[in-house]
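Colleague: Mind folding the following:
(chains A, B, C and D)
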2 protein chains.
Amino acid sequence: MPDSSDTTLSRREREQRRRQRIMLQAAQSVFAEKGYEQATLGEIAERAEFGKGTLYNYFEDGKEGLLFATFAEVYDDLDEMICSTFEGAETADYSFRAAFHELVVRSFAYYEEREDLFLILIREAHQLCFSNDVEKAAYFQEQQQRMIDALTPAVETAVDEGRIAPLPPQSVAHMLLEVVHDLIEHRCLTEHRDENDATCVCQSDAPLLHDPEAAADFLTALLFDGLENDSPEDGASRSPTP
Amino acid sequence: MPDSSDTTLSRREREQRRRQRIMLQAAQSVFAEKGYEQATLGEIAERAEFGKGTLYNYFEDGKEGLLFATFAEVYDDLDEMICSTFEGAETADYSFRAAFHELVVRSFAYYEEREDLFLILIREAHQLCFSNDVEKAAYFQEQQQRMIDALTPAVETAVDEGRIAPLPPQSVAHMLLEVVHDLIEHRCLTEHRDENDATCVCQSDAPLLHDPEAAADFLTALLFDGLENDSPEDGASRSPTP
DNA sequence: TCAGCAGATGACTCGGTAGTCACATTCCGA
DNA sequence: TCGGAATGTGACTACCGAGTCATCTGCTGA
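Modeller: Take a look at the predicted model:
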């Protein structure tokens, strides 16, 4: 969605964008709170302080249009994050491992910044991936592929340069993104639970999840060094954590 | 749910169980096909060949009761699978790594056998985890903890015996289950897509996903040996794949 | 000042379903 | 064989929310 403060636009157009943003934000807050199915256009309109009919002037497909505009926003952000984190593979001191560590940290930061968007992504995109509507399923396939494509070149380079094991780059990229996604999702889940139920006992791995650095360390160590305990026989074979 | 052929029950009771099973199976087939929200009691009743009112005689909570009975079935199966796969830690030739490999293979087998159940679990449980209804969120927390608890002792033993790296057992158990779950989920997703869209181009990692052995090998190697490519400098430090 | 138009509005229509309940049917023991 | 208990049934009710559209509002340019 173009920025509503873009000065190349006429006042009228800027005004339109601004309203569109207000409606989208209202929709996001309702979706995050109630979930897509439970959200009603009435409540979104009320929160945006517009009439129900007005929403249709800005989002032809109504509720669904608002949902997909939300997806577009979050997928653009994620793509940008992956690309910028793994750029500079030519630099002398570039480390794929360190870049991955950074991705985990940045993902956490983004989650904290836009908790609402993540909640919507996690809940609704997952559901819609399994939709019987071919168009919708294809949309999510494309978006996921876009994320994988953003990461794959970096994995390929790392494999070529012998930094990581010679496994299929696409599969590795897929697996890495999946694991990060899971971590954020798990944190999101525990936080969501704590909000609903203040009496909830803290899980044993809670500190791991709430400290971005600790989580990134755990994940990086697990994925790069592996679970196998080869240090007793052979202490020198492990790389230090970045 | 007790077996409807249990001979300790009266004929009437057995007959009740049998009908309950028929209704549950009808519900599962509709849920798997349409998703929970889109499924209607009318269609479930029709498919079960009973009147709509009759469903309420067997499942007081209607649609929701049928959904939760389905969850109970699948979680019981999974718990059983984890426990039986990791038992026998005392045996001389027991290998945690091999047991994990076996878990992946068995998970695939279960998925093939009960595709419908998995689809429901993946779609609906995920959604309900984030429900604002405290009771429901707690149910899924309990079930997930049950799975983790089933695996944790085996991880602890493996850590104590120095077979795997000294990381928090609960976190490791959690991560392992998550990764297996993701793999199955991904396979389920691609299969679901292929059903809907025959023109779909095969993904590059498709063979990995459709051959249980290959998938288990990939996952075991990745998780136990790690991504880090330490073989050129130090070929002896890696354990062979089981 | 005013005509005309872009845009806002929310009461209304319409389609759809969960859950109910008065009645029908079947079962079973006396 | 019969009567009443248990069980099945589906038409009906009550509710809900998406999307529409006739109407209103306020802006702009002549």
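Colleague: C-alpha from now on. contacts and neighbour counts both.
Modeller: Fine.
Colleague: in what helix or strand does the most centrally placed residue in chain A lie?
Modeller: The centre of chain A sits closest to residue A:78, judged by C-alpha atoms, centre = their mean, with a distance of 5.5 Å. If you go by DSSP states H and E, residue A:78 is part of helix A:62-86.
Colleague: quick one: contacts of that helix?
Modeller: Residues from elsewhere that reach helix A:62-86 (C-alpha atoms under 8 Å, 6 or more residues apart in numbering or on different chains): A:1, A:24, A:27-28, A:36, A:40-41, A:55-56, A:59, A:96, A:99-100, A:102-103, A:106, A:117-118, A:121, A:125, A:143, A:146-147, A:150-151, A:154.
Colleague: in that helix, what counts as buried?
Modeller: A:62-63, A:65-67, A:70-71, A:74-75, A:78-79, A:81-83, A:85-86 (16 or more other C-alpha atoms under 10 Å in any protein chain shown).
Colleague: okay, now the domains of chain A?
Modeller: Chain A resolves into domains spanning A:1-60, A:67-237 when parsed by automatic domain parsing.
Colleague: Show me what residue of chain A gets nearest to DNA strand D.
Modeller: residue A:40 (3.4 Å; C-alpha to the nearest atom of the strand).
Colleague: contacting residues around that residue?
Modeller: So residue A:40 contacts residue A:63 (C-alpha under 8 Å, 6+ apart).
Colleague: try 10 Å
Modeller: Contact analysis of residue A:40 by C-alpha atoms under 10 Å, 6 or more residues apart in numbering or on different chains lists A:27, A:30, A:31, A:34, A:46, A:63.
Colleague: Filter those down to just the ones in strands.
Modeller: Applying DSSP state E to the contacts of residue A:40, no entry is found in strands.
Colleague: need the residues you listed in TSV with distance to residue A:227 and pLDDT, can you?
Modeller: Shown next, in TSV, are the contacts of residue A:40 (distance: C-alpha to C-alpha, whole Å; pLDDT from 0 to 100):
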residue	distance to residue A:227	pLDDT
A:27	43	97
A:30	42	97
A:31	39	97
A:34	40	94
A:46	52	96
A:63	45	96
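Colleague: Now the buried members of these.
Modeller: A:27, A:30, A:31, A:34, A:63.
Colleague: May I see the residues you listed arranged in CSV, with distance to residue B:133 as well?
Modeller: Listed next are the buried ones among the contacts of residue A:40 as CSV, based on distance: C-alpha to C-alpha, whole Å:
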residue, distance to residue B:133
A:27, 21
A:30, 16
A:31, 16
A:34, 11
A:63, 23
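Colleague: now, the most widely separated pair of the residues you listed?
Modeller: A:34 and A:63 (13.3 Å; C-alpha to C-alpha).
Colleague: Around DNA strand C, which positions in chain A sit nearby?
Modeller: A:16, A:19, A:49, A:50, A:51, A:52, A:53, A:54, A:57, A:58 (C-alpha under 7 Å from any atom of the strand).
Colleague: List the residues that contact the fourth one.
Modeller: Yep, that's residue A:50 we're talking about. A:19, A:22, A:23, A:42, A:44.
Colleague: So is the host helix or strand of the third one next to DNA strand D?
Modeller: Taking DSSP H and E as the criterion, residue A:23 maps to helix A:11-34. No. Applying C-alpha under 7 Å from any atom of the strand, one finds that helix A:11-34 is not in contact with DNA strand D, the shortest distance being 7.5 Å.
Colleague: Stretch A:54-73 too?
Modeller: Yes. Using C-alpha under 7 Å from any atom of the strand, stretch A:54-73 reaches DNA strand D at A:56, A:61, A:62, A:63, A:64.
Colleague: Pull the contacting residues for the closest residue to chain B within chain A.
Modeller: When scored by C-alpha to the nearest C-alpha, chain A has residue A:226 as its residue closest to chain B, at 3.4 Å. Each residue near residue A:226 by C-alpha under 10 Å, 6+ apart is listed here: A:219-220, A:238, B:164-165, B:220-228.
Colleague: Please pull up the helix or strand immediately following the lowest-mean-pLDDT helix or strand in chain A.
Modeller: Using mean pLDDT, DSSP states H and E, helix A:206-210 stands out as the lowest-scoring helix or strand of chain A, at a mean of 69. Next helix or strand after helix A:206-210 toward the C-terminus (DSSP H and E): helix A:212-225.
Colleague: how close does the closest residue to residue A:156 other than its chain neighbours sit to residue B:140?
Modeller: In this structure, residue A:156 finds its nearest non-sequential neighbour in residue A:169, 5.6 Å apart by C-alpha to C-alpha, 6 or more residues apart in numbering or on different chains. As judged by C-alpha to C-alpha, to the nearest Å, residue A:169 and residue B:140 stand 34 Å apart.
Colleague: between the two, who's got more neighbours?
Modeller: residue A:169 (22 against 18; other C-alpha atoms under 10 Å in any protein chain shown).
Colleague: which residues of chain A score low on pLDDT?
Modeller: A:1-10, A:89, A:197-207, A:229-242 (pLDDT under 70).
Colleague: Could you list the contact residues of it toward DNA strand D?
Modeller: With C-alpha under 7 Å from any atom of the strand as the criterion, chain A meets DNA strand D at residues A:39, A:40, A:41, A:42, A:52, A:53, A:56, A:61, A:62, A:63, A:64.
Colleague: quick one: contacts for the fourth one?
Modeller: Contact partners of residue A:42, counting by C-alpha under 10 Å, 6+ apart, are A:48, A:50, A:51, A:52, A:53, A:55.
Colleague: surely the third one meets residue A:45?
Modeller: Yes. Applying C-alpha atoms under 10 Å as the test, residue A:51 and residue A:45 come out as touching, 5.7 Å apart.
Colleague: okay, these two: which has more neighbours?
Modeller: Remark: of residue A:51 and residue A:45, residue A:45 carries more neighbours, 18 against 14, as counted by other C-alpha under 10 Å.
Colleague: do you know how far that one is from residue A:127?
Modeller: From residue A:45 over to residue A:127 (counting by C-alpha to C-alpha), the distance is 25 Å.
Colleague: again, but for residue A:192
Modeller: 18 Å.
Colleague: The helix or strand harbouring residue A:190 relative to helix A:62-86, how many degrees between them?
Modeller: Secondary structure assignment for residue A:190, by DSSP H and E: helix A:169-196. Interaxial angle, helix A:169-196 versus helix A:62-86 (axes from the mean of the first three to the mean of the last three C-alpha atoms, to 10 degrees): 120 degrees.
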